[in-house]
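1. Test case, fold it:
(one chain, ligands or ions: 1)
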Amino acid sequence: MRKLSAIIVTALAAALLPAMAVSASDDVISIGFAQVGHESDWRTASTKSCQDVFSAENGYDLSFVDCDNDEAAQKEAVRSFIEQDVDYIIIDPIIATGWDTVLTECEDAGIPVIVIDRTIDDSDKYAAWVGSNFKTEGLAAGEWLKAYADKQGIEELNVLTISGSTGSSAQIGRSEGFNEVAEKYGWNLIDEQTGDFTEAGGQEVMENYCKSYEGQFNVVVCQNDNEAFGAMTAMDNAGVTYGPGNDVILISYDACTAGLEDVKAGKITADFECNPLAAPFVEEVIKQIEAGETPEKEVYMVEHWYALEDQVVDFEIDGVAQEMTVVTDEVIEAQY
Ligand code: GZL
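-> Residues are numbered from 1 along each chain as shown. As a prediction, this is how the structure comes out:
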């Protein structure tokens with residue numbers, strides 16, 4: 001929604017100066033996008049989704065800032081968009097808090113904000129949020145593990161977690177959901193350290209785990225695929241086997257293409273998707289606002305739970321039966 005002043009000027013120009021062509025640029029919608037960074041395959045897909053949808057050919061002028069996992073840089077990017085007087089601001093918040101001041105500045109400037117993926121937990125001064133239920137992802141991983149362990153006759157679960165960026169809603173939700181299930185069933189949660197959603201972080205934490213907890217663990221939970229890739233390297237180097245029929249049940253989140261390839265290869269035992277392709281849903285929100293409508297405050301993405309046939313088990317989340325997707329070459333081909 002171009003601000004009323006712009007609309008009035010455009011209308012007056014069209015009425016009073018018919019000779020002056022009202023430039024086509026009036027139809028262009030300008031968007032500022034402050035992205036978390038470039039830490040994972042998931043992030044790459046998320047960025048591509050926005051750049052593909054909000055392209056010049058589609059009538060947008062996208063100002064994209066990769067904030068490199070730096071909270072201060074992200075606030076600075078949002079303020080630069082206010083200076084540029086864009087029509088909309090999209091934020092994927094690196095962490096969930098510290099947002100009310102800058103969102104108030106956006107509101108004062110009359111620029112609607114759309115939050116994608118991670119949540120902002122200390123302000124509601126945005127038009128809509130489009131993303132995933134991270135706690136549900138954690139609950140799904142936990143309840144699947146319970147059903148799978150029962151089927152395998154594994155009674156004792158000793159769990160190491162490599163968590164995502166501390167304070168991000170993805171980390172908070174996945175930890176909350178999984179740990180709630182672990183407590184319900186009395187599992188031994190040995191340790192939880194952050195790998196910051198990166199492959200290097202996952203490898204470093206897993207190297208430390210292999211030294212500190214040698215022979216004490218049979219489950220490793222990585223809060224994204226890139227951490228799992230790093231953890232696998234560390235376990236290979238330490239002689240720890242993982243995947244179906246091996247020492248360690250390896251659980252991951254995101255289910256990016258490379259993650260599903262590791263499921264197919266019998267390395268990751270189960271992968272819990274977080275859908276990065278939010279941009280089409282964000283565009284829908286923008287169209288509603290342009291049309292003077294009020295969008296839904298929360299738009300949830302559809303996610304799937306993946307495993308190989310033998311690792312597919314029936315399980316429920318809060319009494320709701322969950323369907324798992326068997327990983328095949330076709331499923332991998334179609335993934336993001
Ligand atoms: C989750 C997203 C997380 C992914 C990671 O929605 O914010 O950040 O799980 C990414 O891969 O780094």
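
2. tally of neighbours for Gln288?
-> By other Cβ atoms under 10 Å, 15 other residues sit near Gln288. The C-beta positions use only the backbone N, C-alpha and C, and glycine is treated the same way.

3. what do you get for Glu155?
-> 7.

4. How far does stretch 77-97 stretch from one end to the other?
-> Its start and end residues considered, stretch 77-97 measures 16 Å (Cα to Cα, to the nearest Å).

5. where does this protein dip in pLDDT?
-> Applying pLDDT under 70 to the chain flags residues 1-26.

6. What segments of this structure are helices?
-> With helices called from DSSP state H, the chain shows them at 4-16, 41-53, 71-84, 100-108, 134-152, 169-185, 199-212, 225-238, 257-264, 279-290, 329-334.

7. Tell me what angle the fifth one forms with helix 169-185.
-> Translated: helix 134-152. Per axes from the mean of the first three to the mean of the last three Cα atoms, to 10 degrees, the angle that helix 134-152 makes with helix 169-185 is 40 degrees.

8. from the middle of its chain, how far away would helix 134-152 be?
-> 19 Å (Cα atoms, centre = their mean, to the nearest Å).

9. same question, stretch 227-237
-> Relative to the chain's own centre, stretch 227-237 is displaced by 22 Å; criterion: Cα atoms, centre = their mean.

10. same deal with stretch 319-331?
-> Distance, stretch centre to chain centre, for stretch 319-331: 19 Å (Cα atoms, centre = their mean).

11. Give me the residues contacting that stretch.
-> Stretch 319-331 has contacts (Cβ atoms under 8 Å, 6 or more residues apart in numbering) with 140, 143-144, 260, 263-264, 270-271, 304-309, 312-316.

12. for the closest residue to Val53 other than its chain neighbours, what are its contacts?
-> Closest residue to Val53 in three dimensions, ignoring its sequence neighbours and counting by Cβ to Cβ, 6 or more residues apart in numbering: Ala279, at 3.8 Å. Taking Cβ under 8 Å, 6+ apart as the contact definition, Ala279 lies against 49-50, 52-54, 116.

13. Also near the ligand: which of those residues, exactly?
-> Checked against the ligand using Cβ under 6 Å from any ligand atom, the contacts of Ala279 give no members in range.

14. I'd like to know which of those residues are buried.
-> 49-50, 53-54, 116 (16 or more other Cβ atoms under 10 Å).
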